[in-house]
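J.: only the shape, not the letters, is given here:
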């Protein structure tokens, strides 16, 4: 399933910066480590957007319910939900 995450603004900015060798803030590093442990690749939902609010949204594909619960418990995550499956209109 696809998981949509809203992250703390500082964490989102840190995860969107190019890798420069500088250490990530602790909350961003913890979230990245958790995602790696869960086998998830966090990616911006709106890459390159200038709007600071939209820049806080990320997604990951392949998560299950247990992974979603663990992501929700991370302090860097403001909100997380499973995107409903797409269905044909009725």
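T.: Cool, the structure landed. Here the structure is a predicted model, which means the values were calculated and not measured.

J.: now the helix or strand that contains residue 27: buried residues?
T.: Residue 27 belongs to helix 26-37 when assigned by DSSP states H and E. Buried positions in helix 26-37, judged by neighbour count with 16 or more other CB atoms under 10 Å: 27-28, 31-32, 34-35. (C-beta placed from N, C-alpha, C; glycine too.)

J.: and for stretch 72-90?
T.: Per 16+ other CB under 10 Å, stretch 72-90 contains these buried residues: 74, 76-78, 80.

J.: now the end-to-end length of that stretch.
T.: 33 Å (CA to CA, to the nearest Å).

J.: quick check: mean pLDDT of it?
T.: In this model, stretch 72-90 carries a mean pLDDT of 89.

J.: just to revisit the earlier point, quick one: name whatever helix or strand follows the helix holding residue 27.
T.: Counting by DSSP H and E, what follows helix 26-37 is strand 43-44.

J.: that next one packs against which elements?
T.: helix 9-16, strand 57-61 (3 or more CB pairs under 8 Å, 6 or more residues apart in numbering; DSSP states H and E).

J.: any chance of these in JSON lines, plus distance to residue 86?
T.: Formatted as JSON lines, the helices and strands packed on strand 43-44 follow (distance: least, CB to CB, whole Å):
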{"stretch": "helix 9-16", "distance to residue 86": "26"}
{"stretch": "strand 57-61", "distance to residue 86": "13"}
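
J.: out of those, which gets nearest to residue 50?
T.: Closest to residue 50 of the helices and strands packed on strand 43-44 is helix 9-16 (CB to CB; 11.9 Å).

J.: orientation of that closest one relative to strand 57-61 in degrees?
T.: Angle, helix 9-16 to strand 57-61, by axes from the mean of the first three to the mean of the last three CA atoms, to 10 degrees: 60 degrees.

J.: so how far is helix 9-16 off the chain centroid?
T.: 10 Å (CA atoms, centre = their mean, to the nearest Å).

J.: and stretch 36-47, by the same measure?
T.: 5 Å.

J.: now the end-to-end length of it.
T.: 20 Å.
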